[in-house]
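Engineer: okay, here's the prediction I keep looking at, along with the sequence it came from:
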Amino acid sequence: MSLYRICDQQTVFEMKQEIIKAYEKIRKALTEAPLLLIPAWNLPFKLYIDACGDGLGAAIHQIQIIDDKHTEGEICYISRKIKPTEEKYCASQMECLFLVWAVETLHHYLYGSLFEVISGCNKVRSLLNMKPPNRHMLRRQIAIQEYRGKMTIVHKAGNINKNSDGLSGWALANTPGNPMYVPLEAEPKILAEGINRTDIGTEFFDKVRQSYRQEMKFNILTSLLDKDFKDTPLANSLDEVWKKSYSEGRFNLFDGIIYHRKKTSCVMSFQSRLPINIILHEYHDSISSGNLSEDKTLEKVKNCAWWPSWKKETIENCHSCDRCQK
């Protein structure tokens, strides 16, 4: 029961058990030490971090004088579930990733202040001075450079690092109700920045689209990629190489062009001789191409186009070049 209800002039005061309990609750909150401390900006902070296979958590603590005693108390807690894209990281990469997440999220507490990071992962200690870091760790290292000189990292075993261990184990769901909510970006059907478009004019792409209409396999692929479901009988009518790539999800349809997905990019797909000859000419035989070596020509074609025998035909084209054979 809320005490404000008995303050109404129209309410008859009655000493009930609910009123006594409400009063005791308020008295306790006003007279005892608070659960969360108010930050003392002249004192250093402690940042506890932990990551597990399900979530991540962090807690900011500070040692303050309470009742004439140096007492470590909590200032802020944060937690969230990990995103699907983060599940692939190993333990050390995950801890380093979430260290960056924690200091960036709690930047308004930590920036300009001395603070100590306590982690259950021993490798986090070497993040600031890792030489040479791999490409993943390098990004994490750069992200925390502004805290260099203010931040120290220490290791504390997970079984005694209980401040943030419970937060990661029972992390709040990544929903709008969580203050740490991170919207999940829908995976685009094709990454625009991953498409390697050539410097050939737009008329080339018109020729590619026109060649599709003359090739049965591309009519089938276009029909399959336009559908939201897999048409197995239609897919089985493709040649083995094309069927395999389709079953592996390597084809995407974008702006009327079928792209072949690789590890980090998507390149144009075609089979007709006209676009193939144009590509081979532009990347080796033309004046602007400079008659590059076989390896460099292969690299340029690889980053532009795909067809089943692209490598073999590119090599044969280089070997047939009179300038290259001199």
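Structural biologist: Right, received. Where do you want to start?
Engineer: in the stretch 101-250 of the chain, which spans are helices?
Structural biologist: Listed in chain order, the helices of the stretch 101-250 of the chain (DSSP state H, counting those that start in this stretch) span 107-110, 135-143, 162-169, 202-213, 216-226, 232-236, 240-247.
Engineer: if you average pLDDT over each of these, which is lowest?
Structural biologist: With a mean of 64, helix 162-169 has the lowest mean pLDDT of the helices of the stretch 101-250 of the chain.
Engineer: count of residues packed around residue 176?
Structural biologist: Using other Cβ atoms under 10 Å, residue 176 is surrounded by 8 other residues. Every residue, glycine included, has its C-beta placed from N, CA and C.
Engineer: now do it, the pLDDT please.
Structural biologist: Reported pLDDT for residue 176: 75.
Engineer: can you tell me the average pLDDT over whichever strand or helix holds residue 74?
Structural biologist: Here residue 74, judged by DSSP states H and E, is contained in strand 69-81. Averaging pLDDT along strand 69-81 gives 87.
Engineer: other SSEs contacting it?
Structural biologist: Packing partners of strand 69-81 (3 or more Cβ pairs under 8 Å, 6 or more residues apart in numbering; DSSP states H and E): strand 55-66, helix 162-169.
Engineer: now do that strand: distance to the chain's middle.
Structural biologist: In terms of Cα atoms, centre = their mean, to the nearest Å, the gap separating the centre of strand 69-81 from the centre of its chain is 27 Å.
Engineer: can you point out the buried residues in it?
Structural biologist: Buried residues in strand 69-81, counted by 16 or more other Cβ atoms under 10 Å: 74-81.
Engineer: coming back round to it: now for the helices of the stretch 101-250 of the chain, which one comes closest to residue 323?
Structural biologist: When these are compared by Cβ to Cβ, helix 202-213 sits nearest residue 323, at 24.1 Å.
Engineer: ok, how many other residues are close to residue 118?
Structural biologist: Residues lying near residue 118 (other Cβ under 10 Å) number 20.
Engineer: surely it touches residue 156?
Structural biologist: Yes - between residue 118 and residue 156 there is a contact at 4.8 Å, judged by Cβ atoms under 8 Å.
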